[in-house]
Structures are given as C-alpha cells and as structure tokens.
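*Asks:* Fold the stuff below for me.
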Amino acid sequence: MLVLADTTVLIDYLRNAPSAERLESLLVRGDVVCTTAINVEEIVRGLRSADQPVATRLVAGLVIVPLGAREGWQAGAWRSHFGARGTTLSQADCLIAAGALSADALLATGTPKDFPMTEIVVEHWPVGR
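*Replies:* Residues are numbered from 1 along each chain as shown. Modelled structure (predicted):
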C-alpha cells in the first residue's frame, strides 16, 4: 500500500506522538510512505532546531511524489469546484491531494476536513498528545 503522509502526520511523527507508531507499523509491513515537496516545505518552515536531524532522516526515507502540470490542473479544478459552492480550499492542500490521486495513494492526515475531494481516499489519523 502507498500512503501519502500529510504535514500533520509528519509533524506528529517528529514529536513521537500518535502517528509515529502508526507510520512505523506501515514500514514494518512493507508499505511505502510518501509525501510531497509541499509537505517538506511546511515541515521545514516550522521546524524546531532540535528536530532538524530527525526531520532530515525522515524526509530522506520518504518517497517524494512529483507534482507537475497534471496535478496543478487537478488542484485548480478542485479549488474552482469547491469555491463555486462556497468552500475555500488552500492551494497547498489541493496540490497535496492531487499528488495522492496521481500516485494512487491513501492520504493520511490529522485534518480530513481539508480534503473533501471524493476522488481520493482520506484517512483520519488523530494527531497530538
């Protein structure tokens, strides 16, 4: 199984909170954990200096799903579709979701409300202590 870990899950992992065990169990089973460059940027932006070595190892061990024109098109279509119905979605979340769609990956997130797209499978991973 391919699991795209959203930023909330990756930060939880760095803090050794609930998602850490869940991610570890996926890896032990032989599942593949991936993310996008957007999630990497979001981690680095809020990174505590003490967490930098662990974050560097974490990112190095993840498959980075590429984002190109197809994913940009899909993200824009979702933003337009939901915006017309009064729901504002962030550019970053739509691009992350488009990456999950392209990779045929389950999207693991602590904020499933940010991903209302029916074309992807979103799994809620509660985060925090």
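
*Asks:* only C-alpha atoms for contact and neighbour calcs from this point on.
*Replies:* Noted.

*Asks:* so who does residue 7 touch?
*Replies:* By C-alpha atoms under 8 Å, 6 or more residues apart in numbering, the contact set of residue 7 is 39-40, 42-43, 109.

*Asks:* List the contacts of whichever strand or helix holds residue 76.
*Replies:* Using DSSP states H and E, the element containing residue 76 is helix 69-84. Helix 69-84 is contacted by residues 88-91, 94-95, 97-99, 102, 117 when judged by C-alpha under 8 Å, 6+ apart.

*Asks:* What about those, which are in strands?
*Replies:* Among those, no residue falls in strands (DSSP state E).

*Asks:* ok, the nearest residue to residue 104 once chain neighbours are set aside - contacts?
*Replies:* With C-alpha to C-alpha, 6 or more residues apart in numbering as the criterion, residue 104 has its nearest non-adjacent residue at 7.4 Å, and that residue is residue 2. Residues near residue 2 by C-alpha under 8 Å, 6+ apart: 31-34, 103-106.

*Asks:* Drop anything exposed from those residues.
*Replies:* Buried members of these, scored by 16 or more other C-alpha atoms under 10 Å, are 32-34, 104-106.

*Asks:* Spell out, range by range, the helices that occur in the chain.
*Replies:* Under the criterion DSSP state H, the chain contains helices at 7-14, 18-29, 37-45, 52-60, 69-84, 91-103.
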